[in-house]
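Asker: have a look; sequence and predicted model below, questions after that.
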Amino acid sequence: MSEDFPHRDPDVVLRARGIAVRLGGAPVLEDVDLDVPPGAIVGLIGANGAGKTTLLRVLLGILRPHSGRVHRPDRRAGIGYVPQKISLDPHAPLRARDVVMLGLDGARLGIPLGRGRLRGVVDEALARVGATGFADARVGELSGGQQQRVLLAHAIVSRPALLLLDEPLASLDPVSARDVVVLLDELRRQSGVAIVVTAHDLTLLLPVLDRVAYLAGGRAAVGTPAEVVRDDVLSELYRRPMRVIEAAGRTFVVADEGVTNA
Ligand SMILES: Nc1ncnc2c1ncn2[C@@H]1O[C@H](COP(=O)(O)OP(=O)(O)OP(=O)(O)O)[C@@H](O)[C@H]1O
């Protein structure tokens, strides 16, 4: 499934070039480039319908772009994926540790693993996301924040080189969302996994982002936060005045209504 560029670059886990996608006859993405370095956290940021999920599906290899190429990790290194809006049946007889076990790719880990080793690998993934305390609880009965941790454990249990996370902060309260952001930062520091994460809002993620791809109107502004999260760059991308505001130690991006209405 991976498509290789002619020259492999050790400084990049995933590289996309010239990605264009049309859905239902309409352009969703046009000429988007993205590099994901090892151990980096890259944010795909944009409003509803901006194309974040579409780009993530292209990066994952489950949606073929109209044009463009993606170089992704080979199968042995692997990709972990947590899709948007997974609803876990509260009545399903699945414990958190069962969900994590389902994420094991035996071939990649050099299976066969004995029962004890299998349990050890699952326990380790649960511990890494702070889910040991509810490892034996039914997943459907866990809170949104707890379920997000279990899904992360599911995604990392095969020790992928790359994690793709679609809106992991959506539907979490601000404290749980901040806890998940801290967890992502710990995961990449401890294991060197690269993480691509989508969000509507940059504010919570910004402190841990190495790179950002802002999506609007099918186009992307890509670079370090210092390069992209600027009035001029975002105003050009959105084709309307945008303003980056610092308040209470956080960064907010808002449409500059005052200028728009002037
Ligand atoms: N299967 C499809 N057929 C036609 N149009 C689609 C299809 N899937 C998505 N779209 C359209 O593509 C655009 C991008 O959708 P996408 O889900 O990638 O956006 P998003 O940025 O992830 O949005 P959200 O934040 O709401 O999840 C939207 O206009 C959507 O309506």
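Answerer: Yep, that arrived.

Asker: grab the nearest non-local neighbour of the one residue in the stretch 101-250 of the chain that gets nearest to the ligand.
Answerer: Using Cβ to the nearest ligand atom, residue 200 is the residue of the stretch 101-250 of the chain that sits closest to the ligand, at 5.8 Å. (Each C-beta comes from the backbone N, C-alpha and C, glycine too.) Of all residues beyond its chain neighbours, the one nearest residue 200 is residue 47 (6.4 Å), with distances taken as Cβ to Cβ, 6 or more residues apart in numbering.

Asker: any idea how far that neighbour is from the ligand?
Answerer: To the ligand, residue 47 is 7 Å away according to Cβ to the nearest ligand atom, to the nearest Å.

Asker: equivalent analysis for residue 253, please.
Answerer: Going from residue 253 to the ligand by Cβ to the nearest ligand atom gives 15 Å.

Asker: who are the neighbours in contact with that residue?
Answerer: Shown in contact with residue 253 (Cβ atoms under 8 Å, 6 or more residues apart in numbering): 202, 229, 234, 242-245.

Asker: alongside the ligand, which residues does this protein contribute?
Answerer: Within reach of the ligand by Cβ under 6 Å from any ligand atom, the chain has these residues: 23-24, 28, 46, 48-54, 200.

Asker: farthest pair within these?
Answerer: Maximum pairwise distance among the residues of the chain next to the ligand (Cβ to Cβ): 21.9 Å, between 24 and 200.

Asker: more neighbours, these two?
Answerer: residue 200 (14 against 5; other Cβ atoms under 10 Å).

Asker: for residue 129, which residues are in contact?
Answerer: With Cβ under 8 Å, 6+ apart, residue 129 has these contacts: 149-150, 152-153, 156, 183, 187.

Asker: now it: phi and psi?
Answerer: Dihedral pair for residue 129: phi -100, psi 10, per degrees, to the nearest 10.

Asker: ok, and for stretch 56-67, which residues are buried?
Answerer: Residues of stretch 56-67 classed as buried under the neighbour-count rule (16 or more other Cβ atoms under 10 Å) are 56-60, 63, 65.

Asker: now it: how far from the chain's centre is it?
Answerer: Stretch 56-67 sits 15 Å away from the centroid of its parent chain (Cα atoms, centre = their mean, to the nearest Å).

Asker: any idea how far apart the tips of that stretch sit?
Answerer: Using Cα to Cα, to the nearest Å, one end of stretch 56-67 lies 15 Å from the other.

Asker: what residues does it touch?
Answerer: 1-2, 14, 16, 18-22, 29, 34, 44, 54, 68, 70, 72, 79, 81, 164, 166, 196, 198.

Asker: among those residues, which ones are buried?
Answerer: Buried subset of the contacts of stretch 56-67 (neighbour count, 16+ other Cβ under 10 Å): 14, 16, 19-21, 29, 34, 44, 54, 68, 70, 72, 79, 81, 164, 166, 196, 198.
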